[in-house]
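Visitor: Turn this into a model:
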Amino acid sequence: MMLFRSVQYEDVGDLLNLSSRAGVGLTTLPNNQEYLTARISRSIDAFNDTTKGRAQQGFLFTLEDTEKHRVVGVSALEVAVGLEEPFYNFRLHKSVRASRELGVYNTFETLIVGQDYTGCTELCTLFLDPDYQGGGNGVFLSRSRFLFISAFRHLFPKRIFAEMRGVVNQQGESPFWDALGKHFFNVPFAEADYLTGIGSKTFIAELMPFHPIYVPLLPEDARQVIGQVHENTQPARTILEKEGFAYHDAVDIFDAGAILDTEIDNVRTIQASRLVHVKRSDHVSRSPDGVQCIVSNLKFQAFKALLLPVSEPLNGDELLLTCAEMAALQVDDGDPVRFVSLFS
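Guide: Residues are numbered from 1 along each chain as shown. Below is the predicted model of the structure:
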């Protein structure tokens, strides 16, 4: 059974193992035990105290293989970025220059530093153990966050975005960074990415070029990766685009990976999910041919979700669950749960 749940202190070892496999470019999952422990603590604090300001609220979730008692995936939500520390991005702007005398008309792009996502919710830290890819696990790990948002909509602002991992080669080198960032920061891409991941962000504001960057002056390989994503990140991008997220010419300042955004209330899972009530049954068929569905409880501090193949049509607003499934979700007969088809 695959269980989506909030992170716990005992997960730190598994998260450290996952971070070692994530590679360069997944900024919010650095291979640093002290940082990961602090991030777990921050998430637990956020679940225990909703009176904190949005800037302090960050929720970290895990995907657990309950049979092996092992965390095999991680995903997260930052309720509102940029309120305590600036959250920078580049935005592509089209410029026009024309000379009537010469009969020349040119259009070109510039990159301008901005803080367009200040106060917005961020989807982040999505990583699944490669051994568990397939079977809908990646979609489950990503989309379950939307059921959490839907259940506790009052905590979140109007807009949501995801900063996608940009193109990096097998040596951990970014063509965009090599063409631009390293000339201002004077450190390798992997080091800058790591420092940002563990919270050392002051150097960005101190060294970032705030004048427009003329894209045609960048090398061809750097221009080609602007707004693109790492090959391992393409499935995550596809999931979000199916949810209604879109690229609006904003990119990461380090590797130029695409930033996707939308309004929370327009997210497909949030719109499609509905409340049903559970009923215990000893005769539930869980055929692999059933429709894969996400079922979550409505408990804030003990939020949990399961990925279940449902073969029987719902009887009104009633969903049949086994005793084991109800125990995993920590629900009783008649309790409301949120329900959505995995590929709706």
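Visitor: Ile270: what secondary structure?
Guide: helix (DSSP: H, G, I helix; E, B strand; the rest coil).
Visitor: Quick check: closest non-adjacent residue to it.
Guide: Leaving aside its sequence neighbours, Ile270 sits nearest to Ser150 (Cβ to Cβ, 6 or more residues apart in numbering; 4.7 Å). Where C-beta positions appear, they are placed from N, C-alpha and C, glycine not excepted.
Visitor: how near is the one you found to Leu298?
Guide: 10 Å (Cβ to Cβ, to the nearest Å).
Visitor: Settle it for me: which of the two has more neighbours?
Guide: Ser150 (23 against 18; other Cβ atoms under 10 Å).
Visitor: Shouldn't the more buried one be within a strand?
Guide: No: counting by three-state DSSP, Ser150 is not found in a strand; it is helix.
Visitor: contacting residues for it?
Guide: 269-270, 273, 338 (Cβ atoms under 8 Å, 6 or more residues apart in numbering).
Visitor: what about the residue nearest to Ile270, distance to Glu64?
Guide: Ser150 is 22 Å from Glu64, by Cβ to Cβ.
Visitor: Give me the neighbour count for Val113.
Guide: For Val113, using other Cβ under 10 Å, the count is 18.
Visitor: same thing with Ala151?
Guide: Neighbours of Ala151 using other Cβ under 10 Å come to 20.
Visitor: Now the nearest residue to it once chain neighbours are set aside: phi and psi?
Guide: Nearest residue to Ala151, sequence neighbours excluded (Cβ to Cβ, 6+ apart): Leu298, at 5.1 Å. Note on Leu298: its backbone torsions stand at phi -120, psi 30 [degrees, to the nearest 10].
Visitor: so who does Leu298 touch?
Guide: Leu298 neighbours (Cβ under 8 Å, 6+ apart): 151, 335-338.
Visitor: Among those, which are located in helices?
Guide: Counted as lying in helices by DSSP state H, out of the contacts of Leu298, are Ala151.
Visitor: Pick out the most distant pair among the contacts of Leu298.
Guide: Greatest spacing in these, by Cβ to Cβ: Ala151 and Asp335 (12.8 Å).
Visitor: Mind listing residues that contact stretch 257-264?
Guide: 25, 89, 117, 120-121, 149, 153, 156-167, 227-230, 233, 237, 240-241, 243-248, 250-252, 270.
Visitor: Check which residues of it are buried.
Guide: 257-262, 264 (16 or more other Cβ atoms under 10 Å).
Visitor: quick one, what contacts Tyr105?
Guide: 96-99.
Visitor: next one: phi and psi at it?
Guide: phi -130, psi 120.
Visitor: right, and Gly58 touches Ser75 too?
Guide: No: when contacts are counted by Cβ atoms under 8 Å, Gly58 is not listed as touching Ser75 (11.9 Å).
Visitor: Would you confirm that Asp221 belongs to a strand?
Guide: No: remark: Asp221 does not belong to a strand; assigned using three-state DSSP, it is helix.
Visitor: where does the protein have its least confident helix or strand?
Guide: helix 202-207 (a mean of 72; mean pLDDT, DSSP states H and E).
Visitor: Now stretch 269-276: average pLDDT?
Guide: Stretch 269-276 shows a mean pLDDT of 94.
Visitor: Relative to the whole chain's centre, how far out is it?
Guide: 20 Å (Cα atoms, centre = their mean, to the nearest Å).
Visitor: now the end-to-end length of it.
Guide: Stretch 269-276 has an end-to-end distance of 15 Å (Cα to Cα, to the nearest Å).
Visitor: contacts for that stretch?
Guide: Contacts of stretch 269-276 (Cβ under 8 Å, 6+ apart): 143, 146-147, 149-150, 243, 264-265, 314, 317-319, 336-341, 344.
Visitor: mind showing which ranges of the stretch 151-300 of the chain have poor pLDDT?
Guide: Scanning the stretch 151-300 of the chain for pLDDT under 70 picks out the ranges 198-202, 205.
Visitor: Just the element for the closest residue to Pro212 other than its chain neighbours, please.
Guide: The spatial neighbour of Pro212 that comes closest, neighbours along the chain excluded (Cβ to Cβ, 6+ apart), is Thr110 at 4.2 Å. In the assignment (DSSP states H and E), Thr110 maps to strand 104-114.
Visitor: and after that strand, which helix or strand comes next?
Guide: Past strand 104-114, the next helix or strand by DSSP H and E is strand 121-128.
Visitor: Sheet-wise, list the partners of that following strand with their directions.
Guide: Strand pairing for strand 121-128, determined by DSSP bridges: strand 70-78 (antiparallel), strand 159-163 (parallel).
Visitor: Indicate which one of these is closest to Leu306.
Guide: By Cβ to Cβ (comparing all of those), the closest turns out to be strand 70-78, at 14.0 Å.
Visitor: which element follows that closest one toward the C-terminus?
Guide: strand 89-99.
Visitor: Tell me the strands beside that next one, with direction?
Guide: strand 104-114 (antiparallel), strand 246-251 (antiparallel).
Visitor: Show me which residues of the first one are buried.
Guide: Which is strand 104-114. 109-111, 113-114.
Visitor: mind saving the C-alpha coords of it as PDB?
Guide: Extracted in PDB, the C-alpha atoms of strand 104-114 (Å, rounded to 0.1, in the frame of the first residue of the first chain):
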ATOM      1  CA  VAL A 104      15.600  47.700 -40.300                       C
ATOM      2  CA  TYR A 105      13.100  46.200 -37.800                       C
ATOM      3  CA  ASN A 106      14.300  43.900 -35.100                       C
ATOM      4  CA  THR A 107      12.700  42.100 -32.200                       C
ATOM      5  CA  PHE A 108      14.700  40.400 -29.500                       C
ATOM      6  CA  GLU A 109      14.300  39.100 -26.000                       C
ATOM      7  CA  THR A 110      15.700  40.400 -22.700                       C
ATOM      8  CA  LEU A 111      15.800  38.700 -19.300                       C
ATOM      9  CA  ILE A 112      14.800  41.000 -16.400                       C
ATOM     10  CA  VAL A 113      15.100  40.100 -12.700                       C
ATOM     11  CA  GLY A 114      11.800  40.300 -10.800                       C
END
